[in-house]
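> Sequence first, then the predicted structure:
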Amino acid sequence: MQPLWIGTSWKMNKTLAEAREWTSALVGHLDGRAPEGVQPFVIPSFTATTTVAQILGEDSPVLLGVQNAHWEDAGAWTGEISVPQAKDAGAQIVEIGHSERREHFGETVETTRLKVAASLRHGLTPLLCIGESAEVKDAGGSSAFILEQARGALEGLTEEQVADVVIAYEPIWAIGEKGRPATVEELVEPFAALGDEYSGRVKGLLYGGSVNLENAADLLGIEHVTGLFVGRTAWKVEGYLELLRIGAEHARG
Ligand SMILES: O=C[C@H](O)COP(=O)(O)O
């Protein structure tokens, strides 16, 4: 059975001291072993990548990611980092197409496609984020919209490559301080649509957006959901450890 992916992106948060503190507490708690049936992952800011990698150590049960990477391997792309650089810094995952990147930094279906391909070319796992706005949801177009985003980003891949991809469905209206937690009922249909197309084909189908300690277990119970991608609730390590516990409990059945 596929493990449940339970992870966090720190977005643009944490100093190196805070990154060290969070990661050391996680490592101390896990003591070299992920909770049974759970795949933990953490995606710090670029500045903390090597620090977190060093604290996690070799053969860590926790996968490490970056929040973005360019599709070219090197070159005149000021302000960007490449997948080979991310890999060199210790990353195993590349987050691609988060709605904040699409909204503020011009990420498109085409750039997500290029970045997925670049990640796979270098043996890193693309964590493809998809999600619709409140306007699209209100118009009844959620499933069609997110399928288009996913299909566009995975276009041209072989089945073997698709099997290395993790998809995170994060409705924009549910993300962050301005978002509101989605209800289970609201997520059943989009996950049915994603499940029809991708269940069993990809490494994971995650849900993200205002996941908290109260709703995590219910969200994991939605058909086709195989993990959680979490912001605020996991930024305090105690919150993340509790989410890992909830994940392990769910994995046990
Ligand atoms: O990357 C994580 C998501 O954007 C969710 O963030 P949130 O859990 O703070 O709503």
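Arrived safely.
> Going by C-alpha atoms from here, please, whenever you check contacts or count neighbours.
OK.
> Buried residues, stretch 7-26. List them.
7-11, 14, 19-24, 26 (16 or more other Cα atoms under 10 Å).
> One more: stretch 59-70?
60-70.
> can you check stretch 117-136 too?
Going by 16+ other Cα under 10 Å, stretch 117-136 has these buried residues: 117-120, 123-134.
> JSON lines for the buried residues of stretch 7-26, including secondary structure, distance to residue 74 and pLDDT?
Putting these into JSON lines (DSSP: H, G, I helix; E, B strand; the rest coil; distance: Cα to Cα, whole Å; pLDDT from 0 to 100) gives the following:
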{"residue": "7", "secondary structure": "strand", "distance to residue 74": "28", "pLDDT": "98"}
{"residue": "8", "secondary structure": "strand", "distance to residue 74": "27", "pLDDT": "99"}
{"residue": "9", "secondary structure": "strand", "distance to residue 74": "25", "pLDDT": "98"}
{"residue": "10", "secondary structure": "coil", "distance to residue 74": "25", "pLDDT": "98"}
{"residue": "11", "secondary structure": "coil", "distance to residue 74": "24", "pLDDT": "98"}
{"residue": "14", "secondary structure": "coil", "distance to residue 74": "27", "pLDDT": "98"}
{"residue": "19", "secondary structure": "helix", "distance to residue 74": "27", "pLDDT": "98"}
{"residue": "20", "secondary structure": "helix", "distance to residue 74": "29", "pLDDT": "98"}
{"residue": "21", "secondary structure": "helix", "distance to residue 74": "32", "pLDDT": "98"}
{"residue": "22", "secondary structure": "helix", "distance to residue 74": "31", "pLDDT": "98"}
{"residue": "23", "secondary structure": "helix", "distance to residue 74": "30", "pLDDT": "98"}
{"residue": "24", "secondary structure": "helix", "distance to residue 74": "32", "pLDDT": "98"}
{"residue": "26", "secondary structure": "helix", "distance to residue 74": "33", "pLDDT": "98"}
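> so which of the residues you listed also contact the ligand?
Near the ligand, judged by Cα under 6 Å from any ligand atom, the entries from the buried residues of stretch 7-26 are residue 9.
> Go through the buried residues of stretch 7-26 and name the one nearest the ligand.
residue 9 (5.1 Å; Cα to the nearest ligand atom).
> near the ligand, which residues of the stretch 101-250 of the chain?
Counting by Cα under 6 Å from any ligand atom, the residues of the stretch 101-250 of the chain close to the ligand are 175-176, 208-211, 229-232.
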